[in-house]
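A.B. asks: need a structure here:
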Amino acid sequence: HRSLSPGPARLALFLLCCMGTLLSSHIVLTHRLPPRDVRKIVLELQPLSKKLVQDYLNKETGVQESSHYPLPCFTSDTQQPHSINSSAILPYFKAIRPLLNNTDISEIIQQLDKLKFQHAPETKVSVPTDTFECKRFILTILQQFSKCVERTLKSMNSRAQ
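C.D. replies: The predicted structure is shown next:
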């Protein structure tokens, strides 16, 4: 096994690694949506999330929200506060999509995909296997997401003023 000589080959390899990292981090930053597009997506999510909650409550009467299933809200980038990240929320909707199987949840997932930071790791979400707990889980996710969208819109509106 031959090691690199301490000359130009080692320096070239070092520069290649550094520049590759620098370029990839710059590319990630340039693919963020403009604030008006982020706002438009969140505005589209508002009625969808409310409708999904209402439809579920009409279908599953007597189910209560549970504090055992906290849903993270959108996260933002400190360098670009108008840029929000849905990477923490998206896996929850992907997990409950087969259980709800309607167009609203598919539309929400499409919108959340647009707000996801590239190269963000995706979390695995486990849905409860007990039928009643599964219903509570779904309702909790839907209600917390609706509240998250409301808080995000209020925050965006206060920053815009």
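A.B. asks: helix or strand right after the helix or strand of the chain with the lowest mean pLDDT?
C.D. replies: The least trusted helix or strand in the chain, going by mean pLDDT, DSSP states H and E, turns out to be helix 8-30, with a mean of 45. Sequence-wise, the next helix or strand downstream of helix 8-30 (DSSP states H and E) is helix 35-59.
A.B. asks: hmm, who's touching that next one?
C.D. replies: Under the criterion C-beta atoms under 8 Å, 6 or more residues apart in numbering, residues 33, 63, 82-84, 100, 102, 104-105, 107-108, 111-112, 114-115, 138-139, 142-143, 145-146, 149-150, 152-153, 156 lie in contact with helix 35-59. The way it works is simple: take the backbone N, C-alpha and C, and place the C-beta from them, glycine included.
A.B. asks: show me which residues of it are buried.
C.D. replies: 35, 38, 39, 41, 42, 44, 45, 48, 49, 52, 53, 56 (16 or more other C-beta atoms under 10 Å).
A.B. asks: please apply the same query to stretch 134-146.
C.D. replies: Result for stretch 134-146 [16+ other C-beta under 10 Å]: buried residues 135, 136, 137, 138, 139, 140, 141, 142, 143, 144, 145, 146.
A.B. asks: got the CA coordinates for it in CSV?
C.D. replies: This file holds the C-alpha atoms of stretch 134-146, laid out as CSV (Å, rounded to 0.1, in the frame of the first residue of the first chain):
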residue,chain,number,x,y,z
CYS,A,134,-53.9,4.7,16.3
LYS,A,135,-57.0,7.0,15.9
ARG,A,136,-55.7,9.2,18.8
PHE,A,137,-52.3,9.3,17.2
ILE,A,138,-53.8,10.4,13.8
LEU,A,139,-56.0,13.1,15.4
THR,A,140,-53.2,14.4,17.6
ILE,A,141,-50.9,14.7,14.5
LEU,A,142,-53.6,16.5,12.5
GLN,A,143,-54.6,18.9,15.3
GLN,A,144,-51.0,19.7,16.2
PHE,A,145,-50.1,20.3,12.6
SER,A,146,-53.0,22.7,12.2
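A.B. asks: and the spatially most central residue of the chain, how far is that from residue 147?
C.D. replies: The centroid of the chain falls nearest to residue 86 when counting by C-alpha atoms, centre = their mean (1.6 Å). Applying C-beta to C-beta, to the nearest Å, the value for residue 86 to residue 147 is 15 Å.
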